[in-house]
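> The following comprises the amino acid sequence and a computationally predicted model.
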Amino acid sequence: MMGPVKPGGGFQGQNFLLIFLIIVIIIVVIIIVYFVIKKRKKKKGQEKLREHAYKGIKSREDIKSIYTPTGTSTSENKNEKNDTMIKLENLTKYYGKYLAVDNVSFEVHSGEVIGLVGPNGAGKTTIIKMIAKLLRPSSGRIWVRDNQGELKDLNKKSRNLVKLGFLIDIPAFYKDMTAYQILKYSALLQRYPREKINDRIDELLKIFDLIDWKHEKVKTFSKGMTQKLGMIQSIIHDPEIIILDEPQTGLDPLARIDIRRIIKEFHRNGKTIFVASHMLAEISEVCEKIALINFGVIIAFDTIDNLERGLRTSGLNCKLLDPISPDQLGSIIKKLTERLEPYLDKDLDVLVSKIPIKYIPQKRSFKIFYDTTDSKQTRAEILKILVKEFESDFTVVSFSKPKKSSQLEQIYSRLIAEDKVEIELSKGGVN
Ligand SMILES: Nc1ncnc2c1ncn2[C@@H]1O[C@H](COP(=O)(O)OP(=O)(O)O)[C@@H](O)[C@H]1O
Ligand SMILES: [Mg+2]
């Protein structure tokens, strides 16, 4: 006979298992929901930032209108020149759904030094990796000149393209090899004529000021020396086109000066150089033209002079003898705005400044954005008003136009500032 079924250990165990499973499923669902929401928020944040960065600038045409190009831009004279070395045509790259490079087009001509400048994450490395064939474009084309002077599609099999040299990542060498051994190995890999290798290595080590370290092991090298060795390695085969991605990364100021000196030297030797950097001030000095990039979009491409001339606005720095006290500041700015009204920039570029007169307490100075239509006359009038009519409010000690390229830098630092906002947002989430 069977006895009554006792609520034995087996049944309890099953119950426990069921509850445990339910708890696990609930936890998994919560985790999935959390990550889905987080991803959505991040995407929303990125979209918000794109809009925010351009502040009301909705279309590509609007972005271009930040500048009124005054000189010859590449797109204008591309048919006159037949010395194009690289041509990017509507180059676009998606990582999944993320648009990292957005319809980029420009040309690099023989012997030019072009700077690709933009904040971190702007898409510079992605562009360079596509030129290096390390990444395939989602759409668009890259043309590179061949030895007969014709442009060839980089992603179709074509022979005899001009030689390219790349410095993309911070180089990682075998620490126990000497500089000479590394360079000889690289030259052989690149099929540089064997009989010329030793002379080539010596020539480059001299240019880069590393000749005394020729037979030293790389583990004894500083970061700057390693970076320079990386640059030598990337050009050991004597390429026509040299492409450098952030060559100054992590270097001290002296080493950075050295990198600029070397870029200039290659330029003198007729090389075509394309250098990406997030530091405008670092490379603007060596570049003939700058391509400013943000969120994968080229927002300007021209010589620095033309870019600056094309900026519709200009700022004056007016340094004062004594600081202005915070309680007086409002009324003084109001009076200034009224009195200088005819001369102020009515169509002030939001990327430069939101207001036409700013007081910068740290510098004890006013920055006045004025209309540049008749700039000399306008400056004279402004100075007259400041000295005569504001005698009782402040004393002007100097009155000057901003330093060369400072306006471009200002626009650029706004872009960088937007980039910082993105970092903050991605840390804290966007609501
Ligand atoms: N392999 C990848 N997968 C997904 N997103 C990427 C990848 N590489 C870069 N990105 C994203 O693409 C954007 C452009 O990156 P990158 O080209 O490295 O910019 P930069 O060199 O200007 O700093 C960034 O938002 C970056 O996070
Ligand atoms: Mg990069």
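Structure's in. What do you need? Ligands and ions are numbered 1, 2, ... in the order given.

> Within range of ligand 1, give me the residues from the protein.
In this structure, the chain approaches ligand 1 at residues Y95, Y98, A100, G118, N120, G121, A122, G123, K124, T125, T126, judged by CB under 6 Å from any ligand atom. For every residue, glycine as well, the C-beta is placed using N, CA and C.

> Any of the residues you listed buried? List them.
Using 16 or more other CB atoms under 10 Å as the burial test, these include A100, G118, G121, A122, G123, K124, T125, T126 as buried.

> Pick out the residue nearest the middle of this structure.
Residue closest to the mean C-alpha point of the chain, counted by CA atoms, centre = their mean, is G118 at 1.7 Å.

> So the closest residue to that residue other than its chain neighbours: helix, strand or coil?
Closest residue in space to G118, ignoring its immediate chain neighbours: I293 at 3.7 Å, by CB to CB, 6 or more residues apart in numbering. Using DSSP: H, G, I helix; E, B strand; the rest coil, the structure places I293 in strand.

> quick one: pLDDT of I293?
With respect to pLDDT, I293 has a value of 89.

> Specify the beta-bridge partners of it.
The residues listed as beta-bridge partners of I293 by DSSP bridges are I298.

> Can you flag which of the buried ones among the residues of the chain next to ligand 1 belong to helices?
K124, T125, T126 (DSSP state H).

> does the first one really touch I293, like I thought?
Yes - counting by CB atoms under 8 Å, a contact exists between K124 and I293, whose distance comes to 6.3 Å.

> between the two, what contacts are shared?
L116, G118 (CB atoms under 8 Å, 6 or more residues apart in numbering).

> Leaving out the residues flanking it, which one is nearest to G111?
Among residues not flanking G111 along the chain, G270 sits closest, at 5.3 Å (CB to CB, 6+ apart).

> Number of residues surrounding the one you found?
9 (other CB atoms under 10 Å).

> for it, helix, strand, or coil?
G270 is classified as coil under three-state DSSP.

> And for G115?
strand.

> so what's it closest to, chain neighbours aside?
Nearest non-adjacent residue to G115, counting by CB to CB, 6+ apart: C287, 3.7 Å away.

> Quick check: phi and psi at that neighbour.
The phi and psi torsions at C287 (degrees, to the nearest 10) take the values phi -100, psi 140.

> since we're on it, how many residues are nearby?
C287: 24 neighbours (other CB under 10 Å).

> Assess the claim that it and L116 are in contact.
No - judged on CB under 8 Å, C287 makes no contact with L116 at a distance of 9.3 Å.

> tell me, what's touching these two both at once?
Residues touching both C287 and L116 by CB under 8 Å, 6+ apart: V275.

> and the residue of the chain nearest ligand 2?
T125 (3.2 Å; CB to the ion).

> got a list of what that residue touches?
T125 makes contact with I168, D245, E246, A276, according to CB under 8 Å, 6+ apart.

> how about the nearest residue to the first one, chain neighbours excluded?
Leaving aside its sequence neighbours, I168 sits nearest to D245 (CB to CB, 6+ apart; 4.8 Å).

> Show me what the helix or strand where S398 lies is in contact with.
If you go by DSSP states H and E, S398 is part of strand 396-400. The contact list for strand 396-400, computed with CB under 8 Å, 6+ apart, reads L316, N317, C318, K319, L320, L321, R379, L383, L386, V387.

> Can you read off the backbone torsions of the residue nearest to the centre of the chain?
Torsion angles, degrees, to the nearest 10, at G118: phi -180, psi 160.

> looking at it, it is touching V297, isn't it?
No - G118 is beyond contact range of V297, at 9.3 Å (criterion: CB under 8 Å).

> ok, D258 - how many residues close by?
Burial of D258 is recorded as 19 neighbouring residues (other CB under 10 Å).

> and it, that one's in a helix?
Yes - according to three-state DSSP, D258 belongs to a helix.

> where exactly do the strands run in the stretch 101-250 of the chain?
With DSSP state E, counting those that start in this stretch as the criterion, the stretch 101-250 of the chain has strands at 113-117, 139-145, 151-153, 164-167, 241-245.
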